[in-house]
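> Below is the sequence, then the predicted model.
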Amino acid sequence: MICVEAASANELFTRACSAVLEHGRAVKPRGMATTEVIGAHLTLTQPRRRMVHLPPARVLNAAFAAAEAVWILSGSDAPWIYTYNQRMAQYTDAGVLLGAYGPRMRAWRKGLDEVDQIDHVRRTLLADPDSRRALVQLYNPARDIPGHSDVPCTLGYRFYLRDGRLEMHTTMRSQDLWLGFCYDIFTATILHELMAHWIGAELGEYHHHADSLHLYQQNIADALALLSAPQPSRAMEPLGVPWETFDALMEQIVAGGTPPSAWGAFAEVMRSYRVWKGGDRADARQMVASATDVLGSGLSNWYAVLDGRTAR
Ligand SMILES: O=c1ccn([C@H]2C[C@H](O)[C@@H](COP(=O)(O)O)O2)c(=O)[nH]1
């Protein structure tokens, strides 16, 4: 069991990597070699410092981070997400990611006694602020036991409002620390921030509980190359929007529009990346070249990583 706490994602990620390198054991689930710790409690005390950015060892695709957050929070399992991360298409069954979190979160048992679990959490905490019943369930045995390619790694989220501050707890059965964690905490802490806004609470600590926290063999060298005392991640702009307009905001971004709030940066990095994928790399680079926000400058850095890969 390891417990790691940090104010920012850069520091949390770096400390978690060194804890797994120090305490991990070798295991090979599905034939793939990993170093694994069983039982990890990772606490992010400032959830708006959510973006891991540790060049040159670890740079995220900021457009994918933004797109995945919009994809999940809007309740989608639509294939447009593969534009931002082709690798996801490998885990589909008949073109669909059957483990997608969005539909489970926003429309559990779609078409039957459908539940929007986000709205449920919001209503539960508004009605009983001390509640222990504000949870989102993602793993669904009825769907996940029969065996398809994509089995959810996140089992669920819970929310606790204490002393005016909203804490969020996520439970993962399986967490790839190098690849998955950085994107998973990005989306989870956005949900955390939004929920705090919707119930009129302060944003409290974010807790990430992973049963198997692991590094794949191919990422060990990069993990060892991380500096021990990284720069803290910058805090992103506040993202709170009224609940009543949230779905329309998500639809606007998916449709290619740019909302005026801090969500505009999500739309901009997504648009730039679509241009990049369309082959107009100079235009795509130009669209984020002067960006100073966390996402725009992050995507600029990601393009530099991609350029380096092509040059090699
Ligand atoms: O949100 C996710 C989804 C997947 N994974 C990683 C964890 C595992 O390395 C792999 C799934 O493999 P199994 O645990 O299903 O074998 O994907 C994550 O880290 N986060």
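Sure thing, it's come through.
> With adjacent residues omitted, what lies nearest to whichever residue of the chain sits closest to the ligand?
Ranked by CB to the nearest ligand atom, the top residue of the chain for proximity to the ligand is G180, at 2.3 Å. In short, each C-beta sits where N, CA and C put it, glycine included. Leaving out its chain neighbours, the residue that sits closest to G180 by CB to CB, 6 or more residues apart in numbering is C153, at 6.8 Å.
> Does that neighbour touch L177 like I think?
No. Using CB atoms under 8 Å, C153 is not in contact with L177; the gap is 11.8 Å.
> So which residues on the stretch 151-300 of the chain come close to the ligand?
Proximity of the stretch 151-300 of the chain to the ligand, by CB under 6 Å from any ligand atom, involves residues 151, 153-154, 174-176, 180, 184.
> Among these, name the buried ones.
The neighbour count (16 or more other CB atoms under 10 Å) marks 153-154, 174-176, 180, 184 as buried among those.
> Among the residues you listed, which lie within strands?
Per DSSP state E, strands hold the following members of these: 154, 174-176.
> Pull out the buried residues from stretch 257-272.
Here stretch 257-272 shows 259, 262-272 as buried, counting by 16+ other CB under 10 Å.
> tell me how far the ends of it are from each other?
Across stretch 257-272, the terminal residues are separated by 13 Å (CA to CA, to the nearest Å).
> does F159 sit in a helix, a strand or a coil?
Here F159 is recorded as strand under DSSP: H, G, I helix; E, B strand; the rest coil.
> Excluding chain neighbours, what is closest to it?
Nearest to F159 is A134, by CB to CB, 6+ apart, at 4.2 Å.
> what are the ranges of the strands in the stretch 151-300 of the chain?
For the stretch 151-300 of the chain, the strands defined by DSSP state E, counting those that start in this stretch occupy 154-162, 165-176, 202-216.
> Now render the ones you listed as JSON lines, adding distance to Y91 and mean pLDDT.
JSON lines is the format used below for the strands of the stretch 151-300 of the chain (distance: least, CB to CB, whole Å; pLDDT from 0 to 100):
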{"stretch": "strand 154-162", "distance to Y91": "14", "mean pLDDT": "98"}
{"stretch": "strand 165-176", "distance to Y91": "13", "mean pLDDT": "98"}
{"stretch": "strand 202-216", "distance to Y91": "16", "mean pLDDT": "98"}
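> Could you dump those into TSV and include distance to L194?
Converted to TSV, these look like this (distance: least, CB to CB, whole Å):
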stretch	distance to L194
strand 154-162	11
strand 165-176	10
strand 202-216	10
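> Of all those strands, which one is nearest D283?
strand 165-176 (32.9 Å; CB to CB).
> and the angle for the closest one with strand 154-162?
Strand 165-176 runs at 160 degrees relative to strand 154-162, counting by axes from the mean of the first three to the mean of the last three CA atoms, to 10 degrees.
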